[in-house]
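Asks: Just the structure for this:
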Amino acid sequence: MKKSETIQRVSVHGGHSGEFCSHAVDSLEEIVQAYIRGGFAWVGITEHMPPTEDRFVYPDERSAGLDTAALQDRFGRYFTTCRALKAAYRDQVEIFAGFETEWYPGAAEYVKELIQQYAPDYIVGSLHHVAGRELDTSPEDYAAAAAALGGVDSLYDRYFDEQYELIDCLQPAVIGHFDLVRIFDSDYVSRLQNPALRAKITRNLARIKERNLVLDFNLAGYDKPGDEPYPSESILAEAVELGIALVPGDDSHGTASVGRHWEKGIEVLKCRNANLAWKLPGRSRSNKTT
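Replies: I've put the predicted structure just below:
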């Protein structure tokens, strides 16, 4: 991209709304309108997939009295609403109706079922669990997941192994918040330099490049411990060197977080000489999976 060219405002991962996500706020239409006001050219609305069974219902959903059946029903209403908004606002912003995965026992098969049923424009491959345990809901849950695996180092190892499985199994168009495993780890900068762990990170990045997938440059990381996007600086440098397509995602959970940290994130990408001509995610190859 030439310096004189305008950098297109986009979000490859976001649009969670209070209508369809228990830890978000505002209606999905209000969020779409916020993207329009922000001058976005296109956005991927990527609501969380519903759980496969009640043990994977999140605490905020449980507190709201929701169970697996209710969340699966809500997910169906999400796609109906998202596609209606896509049509209603097509002259003002291009909307992609997608969803964000989970990765725990039974998730792979269910993701494929959801793809067959709803035919999303693309999916975001994300992990919020490791070995079936919640990772990012609270520091206490994070510590419990690490303890169950024998420590934080083991948590990282298992996370990147499971991420590799996800990439190969689902081949999602977008890989969400690549190094979310660092969310509650104050020592993540040094831990990410561990040679054995680094080899797994490099392996996963190489697979992303081989599959021609998009890496979510997740700006919500600025709101988390560590105050930097996902992926973190050292991984970002390696991804750019490999020529992996990076595309900003605001991971918005309400109108207030639509486009948040955009300018800060773009400066980081400029400093790394990343390609700012954003790759448009194609329909996930998983849509062809039976």
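Asks: At which residues are the helices of the stretch 101-250 of the chain located?
Replies: Along the stretch 101-250 of the chain, counting by DSSP state H, counting those that start in this stretch, helices occupy 107-118, 139-149, 152-170, 188-191, 195-210, 233-242.
Asks: Next, the contact list for Ser63, please.
Replies: Residues near Ser63 by C-beta atoms under 8 Å, 6 or more residues apart in numbering: Ser22. For every residue, glycine as well, the C-beta is placed using N, CA and C.
Asks: I'd like the distance between it and Phe96.
Replies: According to C-beta to C-beta, to the nearest Å, Ser63 and Phe96 sit 31 Å apart.
Asks: same thing with Glu140?
Replies: Remark: distance between Glu140 and Phe96 (C-beta to C-beta) = 35 Å.
Asks: Those two: who's more crowded?
Replies: Phe96 (21 against 10; other C-beta atoms under 10 Å).
Asks: Verify the contact between the more buried one and Glu47 for me.
Replies: No. Checked against C-beta atoms under 8 Å, the pair Phe96 and Glu47 is beyond contact range at 11.9 Å.
Asks: any weak-confidence spans in this protein?
Replies: Along the chain, segments meeting pLDDT under 70 span 1-5, 283-290.
Asks: Break down it into its strands, ranges please.
Replies: Per DSSP state E, the chain carries strands over the ranges 10-14, 42-48, 94-100, 123-125, 129-130, 133-134, 174-175, 214-218, 245-249.
Asks: can I get the ones you listed in CSV with distance to Tyr110?
Replies: Compiled in CSV, those are given as follows (distance: least, C-beta to C-beta, whole Å):
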stretch, distance to Tyr110
strand 10-14, 20
strand 42-48, 13
strand 94-100, 11
strand 123-125, 12
strand 129-130, 13
strand 133-134, 17
strand 174-175, 19
strand 214-218, 21
strand 245-249, 23
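Asks: Excluding chain neighbours, what is closest to Thr255?
Replies: Nearest non-adjacent residue to Thr255, counting by C-beta to C-beta, 6 or more residues apart in numbering: Ala34, 4.2 Å away.
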